[in-house]
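Student: here's a sequence, model it:
(one chain, ligands or ions: 1)
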Amino acid sequence: MMMENNSVLITGGSSGIGQALAVKLASEGCRVLVCGRNRDMLRKTRELAGGKISFVVADLSTAGGRNAIVDAVVAQNRGLDILINNAGVQYEMDFCTENSPPVLSERIENEVNINFIAPIMLTNQLLGQITRPGGRIVNVTSLLALHPKTSAPLYSATKAGFRSFTRSLRRQLTLESIYVVEVVPPLVETAMTRERGRGKITPEQAAVEIVAGLKSGLCEIKVGKSKLVFLLNRIAPRLMARVLAAGK
Ligand SMILES: NC(=O)c1ccc[n+]([C@@H]2O[C@H](COP(=O)([O-])OP(=O)(O)OC[C@H]3O[C@@H](n4cnc5c(N)ncnc54)[C@H](OP(=O)(O)O)[C@@H]3O)[C@@H](O)[C@H]2O)c1
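Tutor: Residues are numbered from 1 along each chain as shown. Next up, the predicted model:
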């Protein structure tokens, strides 16, 4: 896939992987629109991209927020070549020790909403805008879609669900010549993983690999160590289940 002049929407472009992707894709000549809730951080993304991107402040977890994103895409009047469903949250949850319904309920709803419902609703709303033939829907999942991490049960479940949805959507949209791509990052040094884990790569390294994968036309972009984890998972799935369950 050629990158130049592609119209791209990245959800969660105000930090981490989404921010690095916005900067990288803008440097490749794409017209990038990002969204997030934090206006200052979205301005920062625009600054890092040399002023070459636009943004919309919107909360993906609300219908109003998603409508604002769709309106911004439609207002550009050039369709969408690449939709990148990247925004996500990860909460640690212990259903044994934190058995305090109001606190846990809010996090449960938020995590399912942002990681699973919102990207599916947004994809549905934007499908008519995606270029045919050749448009891309890029869904960012996780290695925890393969096996769950014990301390993040719901995060792992949302990513497993999103991976499953991605695979079915890929088959359905083949007829429309829209390619559905899954990105599986390893541990990346972002706000989400602050003070957790070791051997992390930078968001910029992740962005370089993701864009290279898009250019090569891959339907599953396994970034960095994810390639090795997928391989080991085929050879020794029970071992990988134990390793990922114990993850920090
Ligand atoms: N970091 C890793 O090691 C890793 C590994 C595997 C997969 N991933 C996945 O990669 C994706 C990006 O994660 P990251 O590590 O880059 O995390 P991050 O730095 O925390 O960024 C998360 C992004 O999601 C946005 N977001 C969260 N809630 C939102 C909402 N309600 N509405 C709109 N935007 C919202 C945030 O923007 P605002 O705060 O401005 O709203 C932010 O831009 C996620 O899907 C994550 O699950 C990350």
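Student: show me the contacts for the spatially most central residue of the chain.
Tutor: Nearest to the mean C-alpha position of the chain, by C-alpha atoms, centre = their mean, lies residue 86 at 2.1 Å. Neighbouring residues of residue 86 by C-beta atoms under 8 Å, 6 or more residues apart in numbering: 10-13, 17-18, 21, 138, 140. The way it works is simple: take the backbone N, C-alpha and C, and place the C-beta from them, glycine included.
Student: and for residue 34?
Tutor: 9-14, 18-19, 22, 42, 45, 53-56.
Student: out of those, which touch the ligand?
Tutor: For the ligand, the contacts drawn from these by C-beta under 6 Å from any ligand atom are 11-14, 18.
Student: by neighbours, which of the residues you listed wins?
Tutor: Counting neighbours by other C-beta atoms under 10 Å, residue 13 leads these with 32 neighbours.
Student: which SS class is the residue nearest to that one when sequence neighbours are not counted?
Tutor: Sequence neighbours aside, residue 34 is the residue nearest to residue 13 in space, at 2.4 Å (criterion: C-beta to C-beta, 6 or more residues apart in numbering). In three-state terms, and counting by DSSP: H, G, I helix; E, B strand; the rest coil, residue 34 is strand.
Student: distance check, residue 156 against residue 90.
Tutor: According to C-beta to C-beta, to the nearest Å, residue 156 stands 9 Å off from residue 90.
Student: now swap in residue 228 and tell me
Tutor: From residue 228 over to residue 90 the distance is 22 Å, taken as C-beta to C-beta.
Student: just residue 133 next, same as before
Tutor: Applying C-beta to C-beta to residue 133 and residue 90 gives a distance of 35 Å.
Student: quick check: residue 84 touching residue 17?
Tutor: No - counting by C-beta atoms under 8 Å, residue 84 sits too far from residue 17 to count as a contact (9.4 Å).
Student: give me the common contacts of the two.
Tutor: residue 140.
Student: stretch 164-182: how far from the chain's middle?
Tutor: 16 Å (C-alpha atoms, centre = their mean, to the nearest Å).
Student: can we start the residue count at 882 from this point?
Tutor: Sure, I'll start numbering at 882, so the last one becomes stretch 1045-1063.
Student: pLDDT (mean, whole number) over that stretch?
Tutor: For stretch 1045-1063, mean pLDDT is 97.
Student: what's the weakest-modelled helix or strand in this protein?
Tutor: Ranking every helix and strand in the chain by mean pLDDT, DSSP states H and E puts helix 982-993 at the bottom, with a mean of 88.
Student: if we can go back for a sec, who does the residue nearest to residue 894 bridge with?
Tutor: residue 891, residue 936 (DSSP bridges).
Student: please report how far it lies from residue 1115.
Tutor: 35 Å.
Student: what of residue 1007?
Tutor: 34 Å.
Student: which one of the two is surrounded by more residues?
Tutor: Neighbour count, other C-beta under 10 Å: between residue 1007 and residue 1115, residue 1007 has more, with 21 against 8.
Student: got the contact list for that one?
Tutor: Residue 1007 makes contact with 890, 951, 954, 961, 964, according to C-beta under 8 Å, 6+ apart.
Student: OK, contacts around residue 1065?
Tutor: Shown in contact with residue 1065 (C-beta under 8 Å, 6+ apart): 1022-1024, 1026, 1101-1104, 1107, 1111.
Student: what about those, which are in helices?
Tutor: Using DSSP state H, the subset of the contacts of residue 1065 located in helices is 1107, 1111.
Student: also within reach of the ligand: list those from the contacts of residue 1065.
Tutor: Applying C-beta under 6 Å from any ligand atom to the contacts of residue 1065, those adjacent to the ligand are residue 1023.
Student: lovely, talk soon.
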